[in-house]
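K.L.:
Just a sequence and a predicted model for now, questions to come.
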Amino acid sequence: LTYREAKLLRLLANHPNQVLDRDEILRQVWEDEGVTVGRSVDVFVSRLRKLLAGDSSVKIAAVHGVGYRQAIRHEGN
């Protein structure tokens, strides 16, 4: 994982099943860069989804018009 990928994954993991607003994700993950691009969130979520594709217990779900949430699936569900 890159630094930003790890930072985004940590943010999502610390808020399981909670919807995180796109602006909040930008603040939390890209706050130290000064300039942020709205599509950065989408690009990095896409990268994380590819990296996590082999783990069926973790899914990053888009919440249309709001942001993202990490959906944790438990074994047997």
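P.N.:
Sure, I can see it.
K.L.:
What lies in contact with the lengthiest helix in the chain?
P.N.:
Ordering each helix of the chain by length in residues (DSSP state H) puts helix 39-51 first. The contact list for helix 39-51, computed with C-beta atoms under 8 Å, 6 or more residues apart in numbering, reads 1, 4-5, 8-9, 12, 22, 25-26, 29-30, 60, 62, 67-68. For glycine as for every other residue, the C-beta is placed from the backbone atoms N, C-alpha and C.
K.L.:
Please name whichever of those residues scores lowest on pLDDT.
P.N.:
The lowest pLDDT within the contacts of helix 39-51 belongs to W30, with 86.
K.L.:
and that one, how far is that from F44?
P.N.:
Shown here: W30 relative to F44, a distance of 9 Å by C-beta to C-beta, to the nearest Å.
K.L.:
Buried ones among the contacts of helix 39-51?
P.N.:
R4, L8, L9, L12, R22, I25, L26, V29, W30, I60, G67, Y68 (16 or more other C-beta atoms under 10 Å).
K.L.:
Specify the local secondary structure of A53.
P.N.:
coil (DSSP: H, G, I helix; E, B strand; the rest coil).
K.L.:
what about it, neighbour count?
P.N.:
10 (other C-beta atoms under 10 Å).
K.L.:
Point out where the protein drops to low pLDDT.
P.N.:
For the chain, residues meeting the criterion pLDDT under 70 lie at 33-36, 38, 73-77.
K.L.:
May I have the longest helix of the chain exported as CSV, CA atoms only?
P.N.:
Presented in CSV, the C-alpha positions along helix 39-51 are these (Å, rounded to 0.1, in the frame of the first residue of the first chain):
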residue,chain,number,x,y,z
ARG,A,39,-11.6,12.7,-7.8
SER,A,40,-8.7,11.6,-5.6
VAL,A,41,-11.1,9.8,-3.3
ASP,A,42,-12.6,7.8,-6.2
VAL,A,43,-9.2,6.9,-7.6
PHE,A,44,-7.9,5.7,-4.2
VAL,A,45,-11.1,3.8,-3.4
SER,A,46,-10.8,2.0,-6.7
ARG,A,47,-7.2,1.1,-5.9
LEU,A,48,-8.1,-0.2,-2.5
ARG,A,49,-11.0,-2.3,-4.0
LYS,A,50,-8.5,-3.9,-6.4
LEU,A,51,-6.1,-4.6,-3.6
